[in-house]
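Student: model this:
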Amino acid sequence: MIKKLTTHGNSMALVIEKAILDLLHITPKTSLEISTDGKNIVISPIHGNGHVKAYKSALEKVNNKHGKTLKALA
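Tutor: Prediction:
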């Protein structure tokens, strides 16, 4: 499947079809992990409390280190 990004405010968005979201059990409340190997973007749903805890911990670290910069960019 070939997709193109769409403009969403000052950002770009990727629209994912419902069939794929249903297959992966992704809902609007599902957290997604976005990573890269330098050439590809990998988007993975985070299911279960262990991943949520790790995600929140990582987010807190980023906010502590780069919070002022992120607010300035917003």
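Student: Show me what the closest residue to residue 5 other than its chain neighbours is bridged to.
Tutor: Of all residues not flanking residue 5 in the chain, residue 12 sits nearest, at 4.1 Å (C-beta to C-beta, 6 or more residues apart in numbering). Where C-beta positions appear, they are placed from N, C-alpha and C, glycine not excepted. As for beta bridges, residue 12 partners with residue 7 under DSSP bridges.
Student: For the helix ranked longest in the chain, which outside residues touch it?
Tutor: For the chain, the helix with the greatest residue count under DSSP state H is helix 49-73. Helix 49-73 is contacted from outside by 31, 33, 46, using C-beta atoms under 8 Å, 6 or more residues apart in numbering.
Student: and that helix, how far out from the chain's middle?
Tutor: Relative to the mean C-alpha coordinate of its chain, helix 49-73 is positioned 13 Å out (C-alpha atoms, centre = their mean, to the nearest Å).
Student: just stretch 15-28 next, same as before
Tutor: Offset of stretch 15-28 from its chain centre (C-alpha atoms, centre = their mean): 14 Å.
Student: Right, I'll call it a day here.
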